[in-house]
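Participant: Sharing a sequence plus its predicted fold:
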Amino acid sequence: MSLLGKKAPDFSLFDHNKQETSLSSFRGKKVILAFYPAAFTGVCQKELCTFEESLAELGQMNSAILGVSVDGPFANAAFAEANNLNFPLLSDYERSTVNAYGIALPDFAGMPGYTASQRAVFVIDESGDVIYEWVGEHPGLEPDYEAVKGAL
């Protein structure tokens, strides 16, 4: 189910500093939601570090980036620290947000019963509408970073 052109499902999740963060608190800014399957995995590290390298540029575009995974806040805190990530990493440990966005990835890494997030990027405009959507066919794919920036 595509969310393109629709209101982005709102959420309230804990970030890696155990602070509650909601999507609606970013109204008035564009938001890049970068969903990643798991902290401390190669492609996830590369993806989030690539977004980190663009953080200053993205800030100049009146936008924010939020990383979202099903990892707990403690794992995300260690991941953020290990990779010098300076944007919030949100913990969707109940899987409510990945389900709302239609990107749950069941049996991740061959582990029955373990549901992660597909690698996906959504760009939300200042009024909360989805203006860009990319969902990877498998977790090894990275988003087109220039296309994400172009959506801003």
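Facilitator: Ah, there it is.

Participant: drop to CA atoms for contacts and neighbour counts, all remaining ones
Facilitator: Noted.

Participant: Check the secondary structure at residue 140 for me.
Facilitator: Three-state call for residue 140 (DSSP: H, G, I helix; E, B strand; the rest coil): coil.

Participant: and stretch 120-132, how far apart are its ends?
Facilitator: Across stretch 120-132, the terminal residues are separated by 11 Å (CA to CA, to the nearest Å).

Participant: how about residue 26, what does it touch?
Facilitator: Shown in contact with residue 26 (CA atoms under 8 Å, 6 or more residues apart in numbering): 64, 126.

Participant: hang on, residue 109 in a helix?
Facilitator: Yes. Applying three-state DSSP, one finds residue 109 inside a helix.

Participant: Give me the neighbour count for it.
Facilitator: The local packing of residue 109 (other CA atoms under 10 Å) involves 12 other residues.

Participant: just residue 9 next, same as before
Facilitator: Residue 9, neighbours per other CA under 10 Å, totals 14.

Participant: Same question for residue 114.
Facilitator: 12.

Participant: which SS class is it?
Facilitator: Classified using three-state DSSP, residue 114 is coil.

Participant: I'd guessed it sits against residue 104; true?
Facilitator: No. Under the criterion of CA atoms under 8 Å, residue 114 is not in contact with residue 104, lying 10.2 Å apart.

Participant: could you pull out the strands for the protein?
Facilitator: In the chain, the segments counted as strands under DSSP state E are 12-15, 20-22, 30-35, 63-69, 89-91, 104-105, 116-117, 120-124, 130-135.

Participant: List the neighbouring strands of the fifth one plus their orientation.
Facilitator: Next to strand 89-91 in the sheet, as set by DSSP bridges, lie strand 12-15 (antiparallel), strand 63-69 (parallel).

Participant: now the spatially most central residue of the chain, which residues is it bridged with?
Facilitator: Per CA atoms, centre = their mean, the C-alpha nearest to the average position across the chain is that of residue 34, at 2.4 Å. Bridge pairing for residue 34 (DSSP bridges) gives the partners residue 67, residue 121.

Participant: Please renumber the chain so that the first residue is 788 from this point on.
Facilitator: Done: numbering now begins at 788, and the last item shifts to residue 821.
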